[in-house]
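Colleague: Just the structure for this:
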Amino acid sequence: MDELRQPANVGREAAFTEDDLAGVPDPVRAYLANALREGQPYVDSVRLEQSGKLRLGDASSPWKSFTATQHVTVDPPGFYWDASIKLAPLLSLRVRDLFRDWEGTASVSLFGVIPLDRATSSPELEEAELMRYLAEAVWYPTALLPTAGVEWESIDDSTANATVEDGDVSATLTFSFNEDDEVARVHADRYRRVDDGYEQTPWSGYWRNYETRNGVRVPTAGEVVWHLPDGDVHAWQGRVTDIQYDERLSGRGRER
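Modeller: Residues are numbered from 1 along each chain as shown. Next up, the predicted model:
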């Protein structure tokens, strides 16, 4: 947590206005106007509690339940995902995923103590982690404003590309919007770890069950799918059980 917070810029006084939407594609404008209210303070940091199930292997692998706490900083982009995965009674894995200061690392350990696997920073992992940050910005949507460094490019009436850069790392995702002016899907070719290397693989994140939390419209459930040549692998299904924004927002009360 100290590593994540050290470079973060917090306590900004900026707030959302309609002027922030100048020049963005129409579906993006409609989404952000729906997700944010006038005067909404820019989100600097987020704390999320999650639960759900995930797969640790291919499509034939069984689902395993998990709980996780995720901390996110926006300026610069960064996150720390700390998950506990239940393998069997009295047997669990701890998965930690950290992206900060333009570097990404991931580790897996038994009971959170015995190391089993670790991925050190590389250009492929850094891009994949920044892509995850961008996909999950629906939980902190002021990070999707052009003033936060996101460049939007129109595709059609319901889709647009978003690009964000963090140092030498760049990530682009296609956002698809539904009739309710919500982000329904994000997709791109994303690096997937295979053995000791990485392969670019079509990847999608699906968002649903939008609710208002601290004045912000956010999805409370989602799913991640890898689109492999021999079929889709549904890798993650989860829901947000609690979300807290930075101190300036949390002072208004905690919403569930």
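Colleague: show me where the stretch 1-150 of the chain has helices.
Modeller: 2-5, 26-35, 123-135 (DSSP state H, counting those that start in this stretch).
Colleague: The last one packs against which elements?
Modeller: Contact analysis of helix 123-135 by 3 or more CB pairs under 8 Å, 6 or more residues apart in numbering; DSSP states H and E lists strand 78-88, strand 91-100, strand 103-110, strand 159-166, strand 169-177, strand 183-194, strand 197-213 as its packing neighbours. No exception for glycine: its C-beta is placed from N, CA and C like everyone else's.
Colleague: The same query, at a cut-off of 6 Å, please.
Modeller: strand 103-110, strand 169-177, strand 183-194 (3 or more CB pairs under 6 Å, 6 or more residues apart in numbering; DSSP states H and E).
Colleague: Tell me the gap between stretch 79-99 and the middle of its chain.
Modeller: Here the centre of stretch 79-99 is set off from its chain's centre by 17 Å, with CA atoms, centre = their mean, to the nearest Å.
Colleague: Report the buried residues of that stretch.
Modeller: 79-83, 85, 92-99 (16 or more other CB atoms under 10 Å).
Colleague: With only the CA atoms kept, save it in CSV.
Modeller: Taking C-alpha atoms only, stretch 79-99 is exported to CSV below (Å, rounded to 0.1, in the frame of the first residue of the first chain):
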residue,chain,number,x,y,z
PHE,A,79,-3.8,-0.4,-8.3
TYR,A,80,-3.2,-3.1,-5.8
TRP,A,81,-5.5,-6.2,-5.9
ASP,A,82,-5.2,-8.5,-3.0
ALA,A,83,-7.4,-11.7,-3.4
SER,A,84,-7.9,-14.9,-1.4
ILE,A,85,-9.0,-17.9,-3.5
LYS,A,86,-10.6,-20.8,-1.8
LEU,A,87,-9.3,-24.1,-3.3
ALA,A,88,-10.7,-26.5,-0.7
PRO,A,89,-11.6,-26.4,3.0
LEU,A,90,-8.6,-25.0,4.9
LEU,A,91,-6.7,-24.5,1.7
SER,A,92,-6.4,-21.1,0.0
LEU,A,93,-4.3,-19.2,-2.5
ARG,A,94,-3.3,-15.5,-2.1
VAL,A,95,-3.0,-13.6,-5.4
ARG,A,96,-1.6,-10.1,-5.4
ASP,A,97,-1.5,-7.8,-8.5
LEU,A,98,0.3,-4.5,-8.3
PHE,A,99,0.6,-1.8,-10.9
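Colleague: re earlier: tabulate the helices of the stretch 1-150 of the chain (JSON lines), appending mean neighbour count.
Modeller: JSON lines is the format used below for these (neighbours: other CB atoms under 10 Å):
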{"stretch": "helix 2-5", "mean neighbour count": "12"}
{"stretch": "helix 26-35", "mean neighbour count": "20"}
{"stretch": "helix 123-135", "mean neighbour count": "22"}
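Colleague: and the ones you listed, which one's lowest on average pLDDT?
Modeller: Mean pLDDT per stretch puts helix 2-5 lowest among the helices of the stretch 1-150 of the chain, at a mean of 70.
Colleague: Tabulate the helices of the stretch 1-150 of the chain in a markdown table, adding columns for distance to residue 230.
Modeller: Compiled in a markdown table, the helices of the stretch 1-150 of the chain are given as follows (distance: least, CB to CB, whole Å):
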| stretch | distance to residue 230 |
| --- | --- |
| helix 2-5 | 37 |
| helix 26-35 | 33 |
| helix 123-135 | 21 |
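Colleague: nearest to residue 150, of the helices and strands packed on helix 123-135?
Modeller: strand 169-177 (10.0 Å; CB to CB).
Colleague: got the buried residues for the closest one?
Modeller: 169, 171, 172, 173, 175, 176, 177.
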